[in-house]
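A.B. asks: got a predicted structure plus its sequence, pasted below:
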Amino acid sequence: MNSSGARLWFAQAARRYGWLAIALLLGALCRFWDLTGPSLFIDEGFVFHISEHAPKEILQLVAYTDFHPPLFYLVTHYLMGLLHWQPWDYRYFTAAFSLTGIAATWAIARRSFGDGVAAVAALALALEPALIEFDRLYRMYAVLTALGAVSWWLVLRASAAQGRSRIAWWLAYGVTAVVLPYIHYVGALVVASQGLYALTALRRMWPVLVCGMLALLALVPWMWAIKIQYPHGGYVIRLDSPEFSWPHVIRATIAYGLPIDWLIKPTFDAVFSACVLIVGCAGVYLGRRSVLPFWCAPIVVQVAASLLTGKDLVIPRYLYVYVPALCIALGVVVVGLLRTRYRVAGTAVLALYIGLSLISVYDLIFVQFYQFPDWYGINTLLLQHERKNDIIVMDQGAEYWVVRDFTGFRNHQMQAPALPSDLDSTVAWLAGYPKRRVWYIENQPTFTDAGHRVEKALDASRPALGRWRQPRAFREDIVRVVLYGPRFASAGKKSVVKTKSP
């Protein structure tokens, strides 16, 4: 190849793959920057607690104490046995896997709509703040979202393949179809929507239906556990709770880390959600002959099922698997506008999305107020004020799996109620140590102790020696700490102290 031929080849490669490379670099930067710096999130602590058991025990623990399938925990178990890393280092796996979702989204958009839409979709997904927030955790949602996009790409690739390669592509899709429901139950809806899409060209895509049946049959051995999980799942936030709102669901699915001064405005969520719906629906309509309507169809199913059952099946992280499709829809709208006399509007939509994303991503990565709880800071607080015989109660108990080996915690007796049924024994346990100081540490108490029974029992029987609060933008990320002294000699006395931030 001569020099002119080489330049031509590089120019073509840059034109074809340049935006994908930029998107992957941006996505990696946002996901890997200080990835292992923050303390574990409570859900991550729970993952490692479950996964440290033997496989048979993992199946039992997942069935009786969780609402998800077991595959992510089983894979983690074997990774832990093989690598022996520190828990936070396993985030590299999920963060890296999330990049495959960007590549698959770019490939789907390019095959369906061309280079322009592919570039916008890939950049939008790379900078998608809600996904970045969870891609930086060691949890199954990054895998679910990326694998969902990969499975859609495999459907398109396999249906267009010829000859022997066609079998290989369909086998690859079959693996994803079986794995998705075992990563998260929402994955079953992804496979079902792909079956609906196959009906539009059954002669070419009949293997999708075969793979869907195999995925269903593969779940049969796990049905015993699903029957146990179902009555208790889906009640993280009840639909009749004052904390629930549909505009909040839409905003939290797309954006995380927006300035709190915006979020507290009464009309912000409604206006933001309306804009998302307009752009998303317009993109799906313009791309109605593509996979987009089918990719997004399970959203309707989850909304309807939530309304019919009262279970919250529209938790934002349960909807992240559809965000790549919405990024493609954004690309369809932007490029569509750029090709008309309304190109200024197209430029404005893209600039607004990128601007809001950059603000959000900066907040998520660099501003602690918008991050998950800092358990290292809580540990430092205890080290500064602890005494040897202090006892600790954590409300809710999932915090225990994060802090149990921290220097400020591991030498103290601890109680960590995980279920409302644990509260009686916790209150009785505290009463059994009348002469000891008690550290009350609270994060997301509504899951276990919505009525604050533990704190009320302590307030009624002990003086408060100190109160601290770790401020965060969202209620579920706030950590409250109260240090109580020994029990009152007689009932009815109280001590009020000033609240501080650790």
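C.D. replies: Everything's here; your move. Residues are numbered from 1 along each chain as shown.
A.B. asks: domain parsing for the chain?
C.D. replies: Domains of the chain are assigned by automatic domain parsing as 12-370, 375-500.
A.B. asks: single out the most deeply packed of those domains.
C.D. replies: Sort the domains of the chain by mean neighbour count, taking mean count of other C-beta atoms under 10 Å, and domain 12-370 sits at the top with a mean of 19. C-beta here means a position set from N, CA and C on the backbone, and glycine is covered the same way.
A.B. asks: quick one: that domain to chain centroid distance?
C.D. replies: Domain 12-370 sits 9 Å away from the centroid of its parent chain (C-alpha atoms, centre = their mean, to the nearest Å).
A.B. asks: end to end, how far does stretch 424-443 reach?
C.D. replies: 19 Å (C-alpha to C-alpha, to the nearest Å).
A.B. asks: if you could redo that for stretch 309-326, that was the one I meant.
C.D. replies: 26 Å.
A.B. asks: any idea which of the domains of the chain scores lowest on pLDDT?
C.D. replies: If these are sorted by mean pLDDT, domain 375-500 sits at the bottom with a mean of 91.
A.B. asks: how far does that one sit from the chain's center?
C.D. replies: Put simply, domain 375-500 sits 27 Å off its chain's centre (C-alpha atoms, centre = their mean).
A.B. asks: which residues in the stretch 251-400 of the chain form helices?
C.D. replies: For the stretch 251-400 of the chain, the helices defined by DSSP state H, counting those that start in this stretch occupy 260-263, 268-286, 292-309, 316-319, 323-338, 343-366, 375-385, 400-403.
A.B. asks: switch these over to CSV; also include distance to residue 35.
C.D. replies: Formatted as CSV, the helices of the stretch 251-400 of the chain follow (distance: least, C-beta to C-beta, whole Å):
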stretch, distance to residue 35
helix 260-263, 24
helix 268-286, 28
helix 292-309, 29
helix 316-319, 19
helix 323-338, 20
helix 343-366, 10
helix 375-385, 15
helix 400-403, 17
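A.B. asks: nearest to residue 108, of the ones you listed?
C.D. replies: helix 323-338 (6.7 Å; C-beta to C-beta).
A.B. asks: quick one: list the elements packing against the closest one.
C.D. replies: Counting contacts by 3 or more C-beta pairs under 8 Å, 6 or more residues apart in numbering; DSSP states H and E, helix 323-338 packs against helix 91-113, helix 115-126, helix 140-160, helix 246-254, helix 268-286, helix 292-309, helix 343-366.
A.B. asks: hmm, 6 Å instead?
C.D. replies: Applying 3 or more C-beta pairs under 6 Å, 6 or more residues apart in numbering; DSSP states H and E, one finds that helix 323-338 makes contact with helix 91-113, helix 115-126, helix 268-286, helix 292-309, helix 343-366.
A.B. asks: residue 234 is nearest to which of those?
C.D. replies: Per C-beta to C-beta, nearest to residue 234 of these: helix 292-309, 7.1 Å.
A.B. asks: which strands or helices does the closest one pack on?
C.D. replies: helix 186-198, helix 268-286, helix 323-338.
A.B. asks: quick one: work out the angle between the first one and helix 292-309.
C.D. replies: Computed with axes from the mean of the first three to the mean of the last three C-alpha atoms, to 10 degrees, the direction of helix 186-198 lies at 130 degrees from that of helix 292-309.
A.B. asks: any residues touching helix 186-198, and which ones?
C.D. replies: 148, 155, 177, 180-181, 205, 208-209, 212, 215, 291, 294, 297-298, 318, 321 (C-beta atoms under 6 Å, 6 or more residues apart in numbering).
A.B. asks: can you check the second one too?
C.D. replies: Outside of helix 268-286, the residues that reach it under the criterion C-beta under 6 Å, 6+ apart are 247-248, 250-251, 254, 262, 292-293, 296, 326, 329-330, 332-333, 336.
A.B. asks: which residues touch residue 231?
C.D. replies: Contacts of residue 231 by C-beta under 6 Å, 6+ apart: none found.
A.B. asks: now swap in residue 395 and tell me
C.D. replies: With C-beta under 6 Å, 6+ apart, residue 395 has these contacts: 442, 445, 449, 454.
A.B. asks: surely residue 469 is in a helix?
C.D. replies: No - secondary structure of residue 469 (DSSP: H, G, I helix; E, B strand; the rest coil): strand, not part of a helix.
A.B. asks: I'd say it and residue 480 touch.
C.D. replies: Yes - contact criterion C-beta atoms under 6 Å: residue 469 and residue 480 qualify, at 5.3 Å.
A.B. asks: related to what we said a few turns ago, who wins for proximity to residue 419 among the helices of the stretch 251-400 of the chain?
C.D. replies: Closest among the helices of the stretch 251-400 of the chain, once you apply C-beta to C-beta, is helix 400-403, at 13.2 Å.
A.B. asks: packing partners for the helix or strand just after that closest one?
C.D. replies: With elements assigned by DSSP states H and E, the helix or strand that comes after helix 400-403 is strand 413-415. Applying 3+ C-beta pairs under 6 Å, 6+ apart, we find strand 413-415 packed against strand 391-395.
A.B. asks: which strand or helix spans residue 482?
C.D. replies: strand 479-484.
A.B. asks: dihedrals phi and psi, residue 466?
C.D. replies: When quoted as degrees, to the nearest 10, the phi and psi of residue 466 stand at phi -170, psi 150.
A.B. asks: contact partners for the nearest residue to it once chain neighbours are set aside?
C.D. replies: Closest residue to residue 466 apart from its sequence neighbours, by C-beta to C-beta, 6 or more residues apart in numbering: residue 483 at 4.3 Å. Residues in contact with residue 483, defined by C-beta under 6 Å, 6+ apart, are 439, 465, 466.
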